[in-house]
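A.B. asks: What follows is a protein structure lacking sequence information:
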């Protein structure tokens, strides 16, 4: 919790500075504060027996609460966001966890923007993998979709110019990846000991990371470039002395990457790519594909989309000191149905095929609002890789169905 | 340049050959008069600069069951009639989509540039604007009813004069010139006193009457700019309807180009 204490102190110092308070029109503090809370009940069912000892069998009862507290002054040039997140899990003690998803102060002065605190940053354009997102650590306890992130402490300075937006990030504290505990599903044969993480840098989690970002759009093209230097978000693992645990180890990397989208008529053409140095041999990885939408299909209000993406990851398979990628040479095909009804009903179905081993898995997501404040989501994920040489095969007994019933108030 | 949503009125694509013949057949005089009336209406709004307004969207199904959503729209006028206006629409309810925002750079005959912000993922997505005729957030308003309000997006033909409520109106037919419109044509009633749109009928691709939109409770802001405080859209084919109920408009907010770039979407929530 060190990062939180320090982040909050910095935040308070900024807000409480009398000079700043004088300069800022603070408005009515309470009138300008919006609080919205999501409370979710989320059972997750694993139809197969577990693969490893200690793992639970059957239904994982869980739920979370996420209040979002947002304040903005009347001039809209100062903002504070606080988004605590707490999950309780009946089966996996590690999955019962707390995080500050956001806790930041943002100040906007003309074309400049400064943000201090914890935040989440999303850069990608593709659907099957979010390759270029490097700012935030993934909260893998939440889901396998890699769309849940831990709040990252940062100072971000952004500048909008006529030729695009430039951002610089200084990240003073590293967030470790979360992993399922010994009782939990969706883990390998040995649980990861997150209390004993090791680092290449002597400064360990206090080694600052930096990132630079450029983003712009030119006509139908949206372009993003980034550079990252710091502790990589993916650990490698070594066996503990007693041979019962995996010890994660985080190394320092350099990375450059690009994301690109070309939007024309009903087509979106997408690309994400990166080159990373420091994690084993230098390697490149990329995702490229399209999304095509038939609007108002069959004279209904619904839109039917088709997605296709190819994935490549050139990291060294055989190097045990490199975090394995399960998407080395894969093809993703998907379809998205959006009903455009009052309840915002939508479905996404995707299949991943490994070009070497065949079918890798599929995922179905469906969601719908009920009334004004209830939201129901269903997610089904099947892991079909059973070749023991493929790292994806460790999950082949962990196919699951998640039901998430959320109440907003 | 029309303010976004301020006159949800308009016409349709010259999609059917019959319509095209009709449009060509209309006398040059009727076309010029139609354009003049539309231009006068459009230009009555010129110089508003920028504005911001909160509104409530009330959606009603055929059985009369209601649901609503709240949003805010900021608009920046670009005085050049060959470039469209900029707008930013942000939802505050329902709660699960709170903070969702749509940024539009309207163009004239080229597709608009649009970005959607999804606050749950903090993701900005450039979206296709080919979806002109699709329903906007489940309502009876199509995307084009909201975003395609630029003068030069249409050809016009003047039809006749007739009474509209207490006023006298010119009735003008409008034909969308942009691609992917869901309409063959629209018929607009524009009053001769304040030059504001009072009613629009929308004809679908089969040239059947699809929807009627009425504009109610016009208020004059800053002694210059008329804004209808209520839009009512009734779909005759489904029996569903959507009302937009606007709060007080704020002009001269002080918005500029920099408030309508995709980088600002992340600040919406």
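C.D. replies: Received the coordinates, thanks. All values derive from a computational prediction rather than experimental measurement.

A.B. asks: From the chain's centroid, how far away is stretch B:245-257?
C.D. replies: From the chain centre to the centre of stretch B:245-257 is a distance of 16 Å (Cα atoms, centre = their mean, to the nearest Å).

A.B. asks: nope, stretch A:247-264 is what I was after
C.D. replies: Relative to its parent chain, stretch A:247-264 has a centroid offset of 13 Å by Cα atoms, centre = their mean.

A.B. asks: can you tell if that stretch touches chain B?
C.D. replies: Yes - using Cβ under 8 Å from any Cβ of the partner chain, stretch A:247-264 reaches chain B at A:261, A:263. Every C-beta, even on glycine, is put in place using the N, C-alpha and C of the backbone.

A.B. asks: model confidence over that stretch, on average?
C.D. replies: Regarding stretch A:247-264, the rounded mean pLDDT is 97.

A.B. asks: and what of stretch B:98-111?
C.D. replies: Mean predicted lDDT for stretch B:98-111 stands at 90.

A.B. asks: what's the closest non-adjacent residue to residue 238?
C.D. replies: You didn't say which chain, so I picked chain A. Once flanking residues are discounted, residue A:238 sits nearest to residue A:247: 5.3 Å by Cβ to Cβ, 6 or more residues apart in numbering or on different chains.

A.B. asks: Correction: the question concerned chain B.
C.D. replies: Nearest to residue B:238 is residue B:62, by Cβ to Cβ, 6+ apart, at 6.4 Å.

A.B. asks: Surely that neighbour and residue B:240 touch.
C.D. replies: Yes - using Cβ atoms under 8 Å, residue B:62 makes contact with residue B:240 at a distance of 5.8 Å.

A.B. asks: quick one on the thing from earlier: how about the residue nearest to residue A:238, phi and psi?
C.D. replies: phi -100, psi 120 (degrees, to the nearest 10).

A.B. asks: if I look at it, how far off is chain B?
C.D. replies: Separation of residue A:247 from chain B (Cβ to the nearest Cβ, to the nearest Å): 31 Å.

A.B. asks: again with residue A:87
C.D. replies: 16 Å.

A.B. asks: How about residue A:259?
C.D. replies: 11 Å.

A.B. asks: hang on, the earlier thing: number of nearby residues for the residue nearest to residue B:238?
C.D. replies: Other residues lying near residue B:62 total 10 when counted by other Cβ atoms under 10 Å in any protein chain shown.

A.B. asks: Need the three-state assignment for it.
C.D. replies: coil (DSSP: H, G, I helix; E, B strand; the rest coil).

A.B. asks: That one: what's it in contact with?
C.D. replies: B:238, B:239, B:240 (Cβ atoms under 8 Å, 6 or more residues apart in numbering or on different chains).

A.B. asks: Adding pLDDT, write the residues you listed out as TSV.
C.D. replies: TSV is the format used below for those (pLDDT from 0 to 100):
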residue	pLDDT
B:238	94
B:239	95
B:240	96
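
A.B. asks: For those residues, pick the one with the most neighbours.
C.D. replies: For the contacts of residue B:62, the largest number of neighbours (other Cβ under 10 Å) sits with residue B:240, at 21 neighbours.

A.B. asks: which neighbours does the host helix or strand of residue B:198 have in its sheet, and in what orientation?
C.D. replies: Per DSSP states H and E: residue B:198 is located in strand B:197-203. Strand pairing for strand B:197-203, determined by DSSP bridges: strand B:185-191 (antiparallel), strand B:209-221 (antiparallel).

A.B. asks: before we move on, back to that, return the member of the contacts of residue B:62 nearest to residue A:72.
C.D. replies: residue B:240 (34.8 Å; Cβ to Cβ).

A.B. asks: could you list every residue that touches that closest one?
C.D. replies: Each residue near residue B:240 by Cβ under 8 Å, 6+ apart is listed here: B:59, B:60, B:61, B:62, B:140.

A.B. asks: Now do stretch A:168-181: distance from first to last residue.
C.D. replies: End-to-end span of stretch A:168-181 (Cα to Cα, to the nearest Å): 35 Å.

A.B. asks: Is it in proximity to chain B?
C.D. replies: No - counting by Cβ under 8 Å from any Cβ, no contacts exist between stretch A:168-181 and chain B, the nearest distance being 13.3 Å.
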